[in-house]
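Novice: below: sequence and its predicted model.
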Amino acid sequence: MRRFQQAVILTLIAGVIGSCSLMTLKRNIKEMSYFAKVSGTIKTEVATKNPILIAIIKEEPGVPQLVNYVVQQTPGDFVLFMEPGKYRLFVYEDTNRDKKYQSNERIVRSKLLDIASGMILENIKLTIPEKLDQELIAAIEAIKKNATIKLNNAKINIGKVVSIDEKYFSEENSAMGMWDPLRFIKEVPFGLFMLQEYDPDKIPVLFVHGTNGTPKDFKYLISQLDTEKFQPWVFYYPTSPRLNTVGRFLNRSVTELIVKYNIKEINVVGHSMGGLVSRSFINHTLKDGKTSVVKRFISISTPWHGDKRAKRGVDKSPVVMPVWKDLAPDSKFLAELFKEKLPAEIRYTLLFTYKGGSSGDGETNDGVVPLLSQLRLDAQEEAKLVRGFNENHSSVLKSKDVSDLINSILEEE
């Protein structure tokens, strides 16, 4: 977290956040309520190890449109966010992993979904049958001939190879991701990036930044990575949305690459709030008794117990940033984060920092995150290693000692 972020926190507490930022955030929150939340469960009549693809088709008059798709590693629960309109979900086993429907792939179609603004539509149950439905296949072939593709996630990148010095990894854009997230997702390339071409002989290491951060925060740690054995990935996202939403999006992004490249193992490094996002992501990978591909998880200076300043923002700010609700110490998100323990095969390391001083509440911190929050007992109990560093919240990412420890953990068998 840089000086800009600390200034934002201080101005929040002083109650003098610029009215322009608050009005922009208020408009964003209102526009986000326009989207509907659609959720349900996918099953198969025949057990399968094939990935599942959900194609979202909007029933435009005369011309159906493919507006989005989601790849799932297995059958199970799904959550979609959709604009108002009439839709059908086409769900199939993507047996050849090409994200294109073939007539020999088992498929099911939902009934017509009439989605209204702000709707919450739950418990949709779809079962992919054992036998191919020839009438449905014929209908799909007709749709394929007439449909247009108008994906509503044009700025999302999953697996694009970039440089750590990309101009859109900027402080200006990270501030936009806090106060104007809808503009961010419309104008700024974001998502899950690779810093080198995928190599099946190298293990991915995923770096997840925190509040008002960018992948550039990890530049030093990435430069010290053994790129003969490991390949760095970075996740770039707006930091004001709810954390479970971000964790779910990260899971969707990683799953798409797992399916594409048949990846068996990844490691995750999360800084500050990025540790919360990473844990949410890992929890999503473990749903329904699934085995996670995550083998090592390292959190750095993470507010596992939230921050009282977020609670004050929720209670006193005229406009509440959605993520503050999750960062408040009494939030449902934090209460449920450790509800399910990490399995033994995921090696978790907790790194904390204490060079900073004390807050106005008398709490020792690293300049940003209280020490007690970093050392939440639930997190310590799961950790195979807990290690503290005399660094502040941002200098820890440029520490040789921290880099050496991370590299030694990654090298362990």
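Specialist: That came in fine, so what should we check first? Bear in mind the structure is a predicted one, so any value in this text is a computation, not a measurement.
Novice: tell me which stretches of the stretch 301-413 of the chain form strands.
Specialist: Per DSSP state E, counting those that start in this stretch, the stretch 301-413 of the chain carries strands over the ranges 347-353, 357-358, 364-365, 385-389.
Novice: ok, the longest one: who's next to it in the sheet?
Specialist: According to DSSP bridges, the neighbouring strands of strand 347-353, each with its direction, are strand 294-300 (parallel), strand 385-389 (parallel).
Novice: what is the mean pLDDT for that strand?
Specialist: For strand 347-353, the mean per-residue pLDDT is 98.
Novice: gap between that strand and the chain center?
Specialist: 20 Å (C-alpha atoms, centre = their mean, to the nearest Å).
Novice: contact partners of that strand?
Specialist: Under the contact criterion C-beta atoms under 8 Å, 6 or more residues apart in numbering, strand 347-353 has outside partners 295-302, 342, 366, 369, 371, 374-375, 379-380, 382-393, 396, 402, 405, 409, 412. The way it works is simple: take the backbone N, C-alpha and C, and place the C-beta from them, glycine included.
Novice: looking at the strands of the stretch 301-413 of the chain, which is buried most?
Specialist: strand 347-353 (a mean of 22; mean count of other C-beta atoms under 10 Å).
Novice: then that strand to PDB, C-alphas only?
Specialist: Taking Å, rounded to 0.1, in the frame of the first residue of the first chain, the C-alpha atoms of strand 347-353 are listed here in PDB:
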ATOM      1  CA  ARG A 347       1.200 -25.300   2.800                       C
ATOM      2  CA  TYR A 348       0.200 -21.900   4.200                       C
ATOM      3  CA  THR A 349       2.800 -19.400   5.400                       C
ATOM      4  CA  LEU A 350       1.900 -16.200   7.300                       C
ATOM      5  CA  LEU A 351       4.300 -13.300   7.000                       C
ATOM      6  CA  PHE A 352       3.600 -10.200   9.200                       C
ATOM      7  CA  THR A 353       5.200  -6.800   9.500                       C
END
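Novice: can you list the buried residues in stretch 198-216?
Specialist: 203-216 (16 or more other C-beta atoms under 10 Å).
Novice: and which of these is nearest to Trp179?
Specialist: Asn212 (9.6 Å; C-beta to C-beta).
Novice: just to check, the closest one is in contact with Ser174?
Specialist: Yes. Using C-beta atoms under 8 Å, Asn212 is in contact with Ser174, at 5.0 Å.
Novice: overlap in contacts of the two?
Specialist: By C-beta under 8 Å, 6+ apart, the residues touching both Asn212 and Ser174 are Thr239.
Novice: ok, back up a step: I'd like the strands paired with strand 347-353 as JSON lines, with mean pLDDT appended.
Specialist: Putting these into JSON lines (pLDDT from 0 to 100) gives the following:
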{"stretch": "strand 294-300", "mean pLDDT": "98"}
{"stretch": "strand 385-389", "mean pLDDT": "98"}
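Novice: can you add distance to Ser110 and give those back as TSV?
Specialist: Shown next, in TSV, are the strands paired with strand 347-353 (distance: least, C-beta to C-beta, whole Å):
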stretch	distance to Ser110
strand 294-300	31
strand 385-389	47
